[in-house]
Every structure is written in structure tokens, then in C-alpha cells.
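Asks: mind folding the following:
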Amino acid sequence: MKADKTYRLTTKEYKVLFDDHHAALCLFCNRYLNDLELAKDVVQEIFIKVWNQKTVFKSQGTVKSYLYTAVKNRSLDILKSKHYKSKCKLSVEMVQTMETDSFFTSELVLQETARLVDITVDTLPTRCKKIIKLSLLGYKNGEIANELEITLNTVKAQKKIAYRKLRFQLREHMAALAHIFLP
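Replies: The predicted structure is shown next:
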């Protein structure tokens, strides 16, 4: 019988994994707990567990899936705890909805998409990046112009450049996401 190959993160890979996914995992966890500080604690707990236990994975490709599943499971444990139930009035139906695969999948797609958009926005030239980040925060073109002390036409031109670049760069990522999550 052939032995199964396993995968263990190196220190450098662990740091990259943490840097790349910590914020997205916190936001993902927050969708369950609706408490960002508690969500950060949960994610930190999962990363510490992976590091301390020198967790072994089936392959490199299963690491991210493991993290999201571990965060989901820990979040559900907290939601079901007596302490949390007494503190937050969450209906049994809502917890049951959060336990479904469809809720997990939709939240995972949202967080992964947000992470990819953030990564892609960070590749833009400095001025474009500032304008797009303000736009994503809900600023109107005039407000962006005032904030950055540039003309309205500059804002419009830079947004046009940024959207063209983002559309091109995100096309590959979105096709991959669709392939992974759609039947």
C-alpha cells in the first residue's frame, strides 16, 4: 500500500499564510460572531493551534480550507455556548442557518473575493490606489477630489484607469473562484 504524502508548513510559509489570510479570516469569523474583537481572538487561537501542534495537512492546497473550516467550527462552538447565548440573543434558527454548507460557502466566496480585490487594488499606482480605496469606502468623486486636493477630472480619469486595470487583473481570479465554487 502506498503511503499518503502529507504537508507541513515551514516557518516562512506560516508567516505568509498569516499575512495573506489573517484579516480575511477575521472578517469571515465576524460574520458569525458579530464581534470583531472576539473574531480576532478566534482567528489568533486557530493560527496558534496550527503552529503549536505543527498541524500536518494532506496537501498544500488544503491549508486555507482547513483554516476557514476551523474558524467556522470554533465560531459555531462559541455561538452555542451558554455564556454567549446569555450575552447575545441569537435565535436557534439563525445558528442553524449559520451551520449550513451554503452559508459557509457564500461567506467564504465573499471573503475570498474581498481579499482578491484588496490584493489587486494594492498593485495599482499610488494615486489610483488612494482614489479607489476612498471610492470603496463610499466617498463620492467630489469628496475624493477634496480629500486628496486634486481636480474632479483627475479623480474621474484615475478611476477609469484603475477600473480598466482591475477588470483585467481580477478576470483571472474571478474565473478561478467561479470554477471552485460553482457546480
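Asks: name the next helix or strand following the worst-scoring helix or strand of the chain on mean pLDDT along the chain.
Replies: Every helix and strand in the chain was compared by mean pLDDT, DSSP states H and E; the lowest is helix 82-87, with a mean of 63. Counting by DSSP states H and E, the element after helix 82-87 in chain order, helix or strand, is helix 92-98.
Asks: ok, N30 - contacts?
Replies: If you count contacts by CB atoms under 8 Å, 6 or more residues apart in numbering, N30 has them with L36, A39. C-beta here means a position set from N, CA and C on the backbone, and glycine is covered the same way.
Asks: need the helices for this structure, in chain order.
Replies: Counting by DSSP state H, the chain has helices at residues 11-33, 36-52, 63-80, 82-87, 92-98, 101-121, 126-136, 141-148, 152-181.
Asks: what number of residues lie near T154?
Replies: 15 (other CB atoms under 10 Å).
Asks: meant to ask about K159, not that
Replies: Around K159 there are 17 residues (other CB under 10 Å).
Asks: for it, give me its contacts.
Replies: C128, I131, I132, S135, N141.
Asks: from what I can see the first one touches A162, true?
Replies: Yes - here C128 lies in contact with A162, judged by CB atoms under 8 Å, at a distance of 4.1 Å.
Asks: okay, the residue positioned nearest the centre of the chain and E112: tell me how far apart.
Replies: Against the mean C-alpha coordinate of the chain, by CA atoms, centre = their mean, the closest residue is A24 at 2.5 Å. The gap separating A24 from E112 is 7 Å, by CB to CB, to the nearest Å.
Asks: cool, L137 as well?
Replies: Here the criterion is CB to CB. By it, L137 lies 21 Å from E112.
Asks: many thanks, I have nothing further to ask.
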